[in-house]
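[1] Give me a model of this one.
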Amino acid sequence: MPSQPLRRPAVAGTWYPGSAESLASAVDRYLGGVKTTPRGAVVGLVSPHAGLMYSGPVAAHAYKAAAGGTYDVAVLIGPSHHLGFDGAAICPRGAFDTPLGPLEISEPDAEAIMRQCSAVRDFPAAHAREHSLEMQLPFLARLLPAVPIVPIVMGYQTRETVRNLADGLGRALAGRRALLVASSDLSHYQDARTAGELDGRVSEKVAGYDADGLMALLERYPEHACGGGPIVAVMRTARTLGAADARVLHYADSGDVSGDKSAVVGYMAAVFGSFAPAA
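    All right, here's what the predicted structure looks like:
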């Protein structure tokens with residue numbers, strides 16, 4: 001049989017540590033900094049995708065909340081930073097390599113998604129240099145290494161693509177214990193005060209589980225979030241798969257690490273599922 005394609009890391013050793021020992025240590029350190037997590041079942045999450053030293057402390061809040069779940073597949077949806085195209089690009093087979101070992105692609109789930117989502121096509125080239133999904137892999141490889149993935153990169157984040165993807169994912173994943181991952185940073189290169197105001201609008205829509213309101217907000221001002229389309233798609237799909245609640249777990253900006261608050265990137269961690277009331 002022919003060998004299955006292996007997507008090699010594009011930013012290991014630059015955006016995050018390239019050795020297994022160093023990467024595991026960094027991920028464990030960020031997870032150790034999370035003091036509280038919501039009690040309940042996580043169906044979907046939002047996690048940032050900047051360099052690990054910036055985004056890792058925020059992403060850890062979402063992944064620690066999901067770590068106790070049992071999943072058949074993790075479906076990752078992120079924005080395309082390098083190629084512009086209509087619809088969404090999937091890698092339907094093979095594996096994504098990481099310093100912590102490869103994460104296998106669930107071929108049956110990928111095929112089901114392509115059947116149900118007319119906007120999704122087999123387009124591995126869109127993944128070759130893309131970091132938005134790669135930055136999620138260290139946490140998945142550390143916490144859920146046996147869970148196969150389906151990687152999807154969204155091109156132009158139109159309302160039609162978002163709805164087609166969300167509706168199709170709901171059908172394709174019915175009966176599956178799926179973890180949905182939306183990869184997104186928030187506003188870019190505003191001063192911290194302005195960023196906080198802009199990002200607060202996104203957080204408000206997410207916390208209120210208002211997917212329609214978030215889509216409308218993003219259409220008026222797309223710069224609110226580089227992966228806003230993936231967030232809306234995950235919100236919609238998670239609700240179809242049984243998520244009733246939304247929680248914004250943490251917010252920070254790049255200046256919290258760099259010390260430069262004059263031009264920051266905003267980061268949010270959020271989860272969707274069914275949670276016990278907050279104490």
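
[2] what's the closest non-adjacent residue to residue 245?
    Closest residue in space to residue 245, ignoring its immediate chain neighbours: residue 275 at 4.8 Å, by CB to CB, 6 or more residues apart in numbering. Yep, even glycine has a C-beta here, placed from its N, CA and C like the rest.

[3] quick one: pLDDT of residue 1?
    Per-residue confidence (pLDDT) for residue 1: 38.

[4] circling back to that earlier point, looks like the residue nearest to residue 245 contacts residue 43 (just checking).
    No - counting by CB atoms under 8 Å, residue 275 does not reach residue 43; the two are 10.6 Å apart.

[5] Those two: who's more crowded?
    Taking other CB atoms under 10 Å, residue 275 and residue 43 do not tie; residue 43 has more neighbours (27 against 19).

[6] Doesn't the more buried one belong to a helix?
    No - if the criterion is DSSP: H, G, I helix; E, B strand; the rest coil, then residue 43 is strand and not within a helix.

[7] Distance check, it against residue 165.
    From residue 43 across to residue 165, the span is 16 Å (CB to CB, to the nearest Å).

[8] what does residue 112 give?
    Separation of residue 112 from residue 165 (CB to CB) stands at 13 Å.

[9] So which of these two has more stuff around it?
    residue 165 (28 against 20).

[10] May I ask which helix or strand encompasses that one?
    helix 159-172 (DSSP states H and E).

[11] Tell me the strands beside the following helix or strand past that helix, with direction?
    The first helix or strand that comes after helix 159-172 along the chain, using DSSP H and E, is strand 178-183. According to DSSP bridges, strand 178-183 forms sheet pairs with strand 40-47 (parallel), strand 73-79 (parallel).

[12] Could you dump those strands into CSV and include mean pLDDT?
    What follows is these, written out as CSV (pLDDT from 0 to 100):
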stretch, mean pLDDT
strand 40-47, 97
strand 73-79, 98
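
[13] Can you lay out those as a markdown table showing distance to residue 132?
    Conversion of the strands paired with strand 178-183 to a markdown table gives the following (distance: least, CB to CB, whole Å):
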| stretch | distance to residue 132 |
| --- | --- |
| strand 40-47 | 10 |
| strand 73-79 | 3 |
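
[14] So which of those is nearest residue 104?
    strand 73-79 (10.1 Å; CB to CB).

[15] Could you tell me the angle between the closest one and helix 159-172?
    Counting by axes from the mean of the first three to the mean of the last three CA atoms, to 10 degrees, strand 73-79 lies at 180 degrees to helix 159-172.

[16] Give me the residues contacting strand 73-79.
    The contact list for strand 73-79, computed with CB atoms under 8 Å, 6 or more residues apart in numbering, reads 49, 88, 106, 109, 113, 130, 132-133, 136, 140, 144, 147-154, 157, 165, 169, 173, 176-184, 226-227, 229-230, 233-234.

[17] follow-up on the earlier one: mutual contacts of residue 275 and residue 43, please.
    By CB under 8 Å, 6+ apart, no residue touches both residue 275 and residue 43.

[18] Relative to the helix or strand harbouring residue 271, what are the paired strands and their orientations?
    Under the criterion of DSSP H and E, residue 271 resides in strand 264-275. Strand pairing for strand 264-275, using DSSP bridges, gives strand 40-47 (antiparallel), strand 188-190 (antiparallel), strand 245-253 (antiparallel).

[19] Just say which of the ones you listed is most tucked in.
    Of the strands paired with strand 264-275, the one with the most neighbours on average (mean count of other CB atoms under 10 Å) is strand 40-47, at a mean of 26.

[20] Next SSE downstream of it?
    Sequence order places helix 52-66 as the next helix or strand after strand 40-47, per DSSP H and E.

[21] now that next one against strand 73-79, angle please.
    140 degrees.

[22] Quick one: list the elements packing against helix 52-66.
    Contacts defined by 3 or more CB pairs under 8 Å, 6 or more residues apart in numbering; DSSP states H and E place helix 52-66 against helix 20-32, strand 40-47, helix 137-143, strand 245-253, helix 255-258, strand 264-275.

[23] switch the cut-off to 10 Å
    Counting contacts by 3 or more CB pairs under 10 Å, 6 or more residues apart in numbering; DSSP states H and E, helix 52-66 packs against helix 20-32, strand 40-47, helix 137-143, strand 178-183, strand 245-253, helix 255-258, strand 264-275.
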